[in-house]
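Asker: Based on what follows, work out the 3D shape:
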Amino acid sequence: MTTLLVTISLLLHAFTFLWIITLMKRQQHVQPLSTKENEDKLKSEIEDLLVSYTVEMKEENERLVKQLKQLKATPEKKSQGTSSEENPSPKQSLKESERVKQVPTRESITYDDYSPPLIEEDQMESDMYEQSDTAKVLALAKQGLHAEEIAKKLSLGKGEVELMLKFYR
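Answerer: Just a heads-up that it's a prediction; the model follows:
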């Protein structure tokens, strides 16, 4: 009886070792050769995703601007046709004034002469200020560096730097 149990135990151990070896081989095939390559691939995928999101946001913003322009044009046409009302209700005049407000567009805003705030020496002793990433990016771009160079210098993603430059240039 004991020989039977020992034989079954040996067979189970052999099967277990074979199974472990098979799993180790599969695991080696799944893992990439270099983790640096994997990290670079992941970074590029994240940057591509960020760029696609920013393009989507830009398209959405452009649609919103078009809709706002249409809403702005619509109340003007209605107000020309209904000039018989002398005392509009406060709610109605408020709504019309909100619609007519000028929404600044990307073309109307310029950041050409932007420079980060300077810190006086007496303030430096009492308070410590750190320049934001946006200010650093804009300062380096003003020096003539490209988005990739800025991203490497500041340890930021290329898409993130391009996004900052698109918003503030």
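Asker: For Leu23, give its distance to Thr35.
Answerer: Counting by Cβ to Cβ, to the nearest Å, the separation of Leu23 from Thr35 is 21 Å. For the C-beta atoms, the positions are set from N, CA and C on the backbone; glycine is no exception.
Asker: One more: Leu118?
Answerer: 43 Å.
Asker: And whichever helix in the chain runs longest, what does it pack against?
Answerer: Taking DSSP state H as the assignment, the helix of the chain that covers the most residues is helix 35-81. For helix 35-81, the contact count by 3 or more Cβ pairs under 8 Å, 6 or more residues apart in numbering; DSSP states H and E identifies helix 90-100, helix 158-168 as packing neighbours.
Asker: Any idea which of those has the lowest pLDDT on average?
Answerer: Among those, helix 90-100 carries the lowest mean pLDDT, at a mean of 50.
Asker: and the end-to-end length of stretch 113-131?
Answerer: 17 Å (Cα to Cα, to the nearest Å).
Asker: Rounded mean pLDDT for that stretch, please.
Answerer: Mean predicted lDDT for stretch 113-131 stands at 69.
Asker: Check stretch 11-25 too.
Answerer: Mean per-residue pLDDT for stretch 11-25: 92.
Asker: cool, and stretch 40-51?
Answerer: Mean predicted confidence for stretch 40-51 is 86.
Asker: if we can go back for a sec, by how many degrees do the longest helix of the chain and helix 158-168 diverge?
Answerer: Put simply, helix 35-81 runs at 30 degrees to helix 158-168, going by axes from the mean of the first three to the mean of the last three Cα atoms, to 10 degrees.
Asker: how about the CA coordinates for stretch 142-150, as PDB?
Answerer: Provided in PDB are the C-alpha atoms of stretch 142-150 (Å, rounded to 0.1, in the frame of the first residue of the first chain):
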ATOM      1  CA  LYS A 142      10.700  81.900 -26.100                       C
ATOM      2  CA  GLN A 143      14.300  81.000 -26.100                       C
ATOM      3  CA  GLY A 144      13.600  79.000 -29.300                       C
ATOM      4  CA  LEU A 145      13.500  75.400 -28.000                       C
ATOM      5  CA  HIS A 146      11.200  72.900 -29.700                       C
ATOM      6  CA  ALA A 147       8.500  71.000 -27.800                       C
ATOM      7  CA  GLU A 148      10.600  67.800 -27.700                       C
ATOM      8  CA  GLU A 149      13.600  69.600 -26.200                       C
ATOM      9  CA  ILE A 150      11.400  71.400 -23.600                       C
END
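Asker: Tell me which residues are up against it.
Answerer: Outside stretch 142-150, the residues that touch it by Cβ atoms under 8 Å, 6 or more residues apart in numbering are 137, 140-141, 153, 156, 158, 161-162, 165.
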